[in-house]
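>>> sequence and computational prediction follow.
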Amino acid sequence: MRIFLDTANIDQIKKGVKLGVVSGVTTNPTLVAKEGHKDYEAVVKEICSIVNGPVSAEVVVNDKEAMLAQARKIATWASNVVVKIPSTADGLEVISQLARENIRVNMTLCFSVNQALLGALAGATYVSPFVGRLDDAGHDGMALVKDIVDVFKQYEYLTTEVLAASIRHPLHCVAAAKAGAHIATIPYKVLLQMTKHPLTDVGIERFLADWESVSENK
Ligand code: E4P
C-alpha cells in the first residue's frame, strides 16, 4: 500500500516527502481553507512541484458544466495534478468526459460500493472511500474499503485504484493495508504516529546507556 499525505500544509508536505515514504498528496477545499491559502492555483502548483507523484485538487463548483470547465483548467496547472470530482450522477458524467480527454480523476466523497463501481466504470483513476466519516456515522468505514477492493479484484478491466481516505489514526492504516487498499491518504500527524513505538525508544535508550557504560569503564 502506498501512502499519500492528506494536507495542504506546505511545511508538512516537505517534511513528509523527506522521509521518502510519501508518493502523493490529496487536498480538499477544507484543507486548503484551513491553511489560509488565498491563491488556489498557486498553492496547488507549489505542492505539485514538491511531490513526485499525484496531487489531488478538488473542483469547488457543483454544476456539471462548471465542474467540467474547472477540472480542465486544474488539469493544466501541473502534469502530476489529479482532479477530484464528487461521487454524484453529474460527477460521473464529468468523470467519463475527463477520462476521454485523458485527465486523471480522483472520485471523492465515496460512501458505497455502488458509487465506487460507477466511478471505476466512468474511468476514474482513483476512488476515495471516506473511512473516518463513515465510522463517525456509526458505519464500518474499513468494511467499505475491503468490499470495494474485493469487487474490483473480480474484474480485470476495473483498473481504478482504491484510495482509503478520511484516515484518522494508525490503526486505520493497518486495516487499510490488510484490506488491500492501493493507497491510504493520511494526515501528517498520523504519518508521525506510524513511526512510533515505545519499545523502539526504550531500546535506543538502553543500547546507548550500555554503550556509554562500557566507554566509561575503558
Ligand atoms: C481525502 O481526499 C479527503 O481530503 C480527506 O481524507 C477527508 O478527511 P476528513 O474526513 O478527515 O475530513
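That came through, no problem.
>>> list the buried residues for the lowest-mean-pLDDT helix or strand in the chain?
Among the helices and strands of the chain, helix 198-217 carries the lowest confidence by mean pLDDT, DSSP states H and E, at a mean of 91. For helix 198-217, a neighbour-count test (16 or more other C-beta atoms under 10 Å) marks nothing as buried. The C-beta positions use only the backbone N, C-alpha and C, and glycine is treated the same way.
>>> could you do stretch 118-134 as well?
118-132, 134.
>>> can that stretch be said to contact the ligand?
Yes. Counting by C-beta under 6 Å from any ligand atom, contacts between stretch 118-134 and the ligand involve S128, F130, G132, R133.
>>> extract the CA atoms of that stretch and return them as PDB.
Provided in PDB are the C-alpha atoms of stretch 118-134 (Å, rounded to 0.1, in the frame of the first residue of the first chain):
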ATOM      1  CA  LEU A 118     -19.800   3.500 -11.100                       C
ATOM      2  CA  GLY A 119     -16.700   5.700 -10.600                       C
ATOM      3  CA  ALA A 120     -14.500   2.900 -11.900                       C
ATOM      4  CA  LEU A 121     -16.700   2.300 -14.900                       C
ATOM      5  CA  ALA A 122     -16.700   6.000 -15.700                       C
ATOM      6  CA  GLY A 123     -12.900   5.900 -15.800                       C
ATOM      7  CA  ALA A 124     -11.800   7.400 -12.500                       C
ATOM      8  CA  THR A 125      -8.100   6.800 -11.800                       C
ATOM      9  CA  TYR A 126      -8.800   6.600  -8.000                       C
ATOM     10  CA  VAL A 127     -11.900   6.200  -5.900                       C
ATOM     11  CA  SER A 128     -11.800   7.600  -2.400                       C
ATOM     12  CA  PRO A 129     -13.900   5.800   0.300                       C
ATOM     13  CA  PHE A 130     -14.100   8.100   3.300                       C
ATOM     14  CA  VAL A 131     -13.400   5.700   6.200                       C
ATOM     15  CA  GLY A 132     -13.400   8.100   9.200                       C
ATOM     16  CA  ARG A 133     -16.600   9.900   8.200                       C
ATOM     17  CA  LEU A 134     -18.400   6.500   7.800                       C
END
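>>> distance from that stretch to the middle of the chain?
11 Å (C-alpha atoms, centre = their mean, to the nearest Å).
>>> also stretch 58-73?
On C-alpha atoms, centre = their mean, the centre of stretch 58-73 falls 20 Å from the chain's centre.
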